Every structure is written in structure tokens, then in C-alpha cells.
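any chance you could fold what I've pasted below:
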Amino acid sequence: MRGRRRRVSVQKEKEKEEEEEEEEEEEEEEEEEEEEEEEEEEEEEEEEEEEEEEEEARKWKEEIGVRGGGRGGR
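Have a look, this model is predicted:
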């Protein structure tokens, strides 16, 4: 009986270790996914900011063009 109990406990230990490893892998994957999502969000924000800046520059140029101010006005 002792040999069987020992085998069962060793098997349970192995199963527990495998479960812990799987959980760790899942956590790492989740962290990587979160990091990727954060990076994508940051990129989107940067693109939006660039678009806003370009729009502001375009409006500013149009306003100057309408007023006829500045050097080399056409």
C-alpha cells in the first residue's frame, strides 16, 4: 500500500506542477496580449494627435491665405 500511495502522491505532485506551469504560461500570454493592446492604443492616439495637428496646420494656412498676410502671399 505504501508504494501505491507514494506513486499517487508523486503523480498528484506532477499534476499540480503541470497545472501551475500552465497557469504561469496563461498569465504570461495574457500579459503579452495586454502589452500589445496598450501599444496599439498608444499608436492610435499618436495617429489621432498627428491628424489633429495636420488639421490645425491646414486651417492656420487657410486663414493666413485668406487674410493675405505673411511673406510671399499669393
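
what segments of this structure are helices?
2-67 (DSSP state H).

which regions of it sit below the pLDDT cut-off?
In the predicted model, the chain carries pLDDT under 70 at residues 1-5, 66-74.

and with 80 instead?
The model of the chain has pLDDT under 80 over residues 1-8, 65-74.

who's in contact with residue 59?
Not one residue lies near residue 59 by Cβ atoms under 8 Å, 6 or more residues apart in numbering. In short, each C-beta sits where N, CA and C put it, glycine included.

should've said residue 9
Contacts of residue 9 (Cβ under 8 Å, 6+ apart): none.

what's the distance between it and residue 37?
Separation of residue 9 from residue 37 (Cβ to Cβ, to the nearest Å): 42 Å.

over to residue 18?
Residue 18 is 29 Å from residue 37, by Cβ to Cβ.

what's the answer for residue 25, then?
Between residue 25 and residue 37 the distance is 19 Å, computed by Cβ to Cβ.

with residue 24 instead?
According to Cβ to Cβ, residue 24 and residue 37 sit 20 Å apart.

for residue 16, see how far away residue 22 is.
Plainly put, residue 22 is 11 Å away from residue 16 if you go by Cβ to Cβ.

meant to ask about residue 39, not that
Applying Cβ to Cβ, the value for residue 39 to residue 16 is 35 Å.

what do you get for residue 40?
For residue 40, the distance to residue 16 equals 36 Å [Cβ to Cβ].

got the contact list for stretch 31-38?
By Cβ under 8 Å, 6+ apart, stretch 31-38 touches no other residue.

buried residues, that stretch. List them.
Within stretch 31-38, no residue qualifies as buried by neighbour count (16 or more other Cβ atoms under 10 Å).

how far out from the middle of the chain is it?
On the basis of Cα atoms, centre = their mean, to the nearest Å, stretch 31-38 sits 4 Å off its chain's mean C-alpha point.

alpha carbons only: can I get it in PDB?
Output of stretch 31-38 as PDB, limited to C-alpha atoms (Å, rounded to 0.1, in the frame of the first residue of the first chain):
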ATOM      1  CA  GLU A  31       0.300  40.000 -20.000                       C
ATOM      2  CA  GLU A  32       1.700  39.900 -23.600                       C
ATOM      3  CA  GLU A  33      -1.700  40.500 -25.000                       C
ATOM      4  CA  GLU A  34      -2.300  43.400 -22.700                       C
ATOM      5  CA  GLU A  35       1.000  44.900 -23.600                       C
ATOM      6  CA  GLU A  36       0.200  44.600 -27.300                       C
ATOM      7  CA  GLU A  37      -3.200  46.200 -26.800                       C
ATOM      8  CA  GLU A  38      -1.600  49.100 -24.900                       C
END
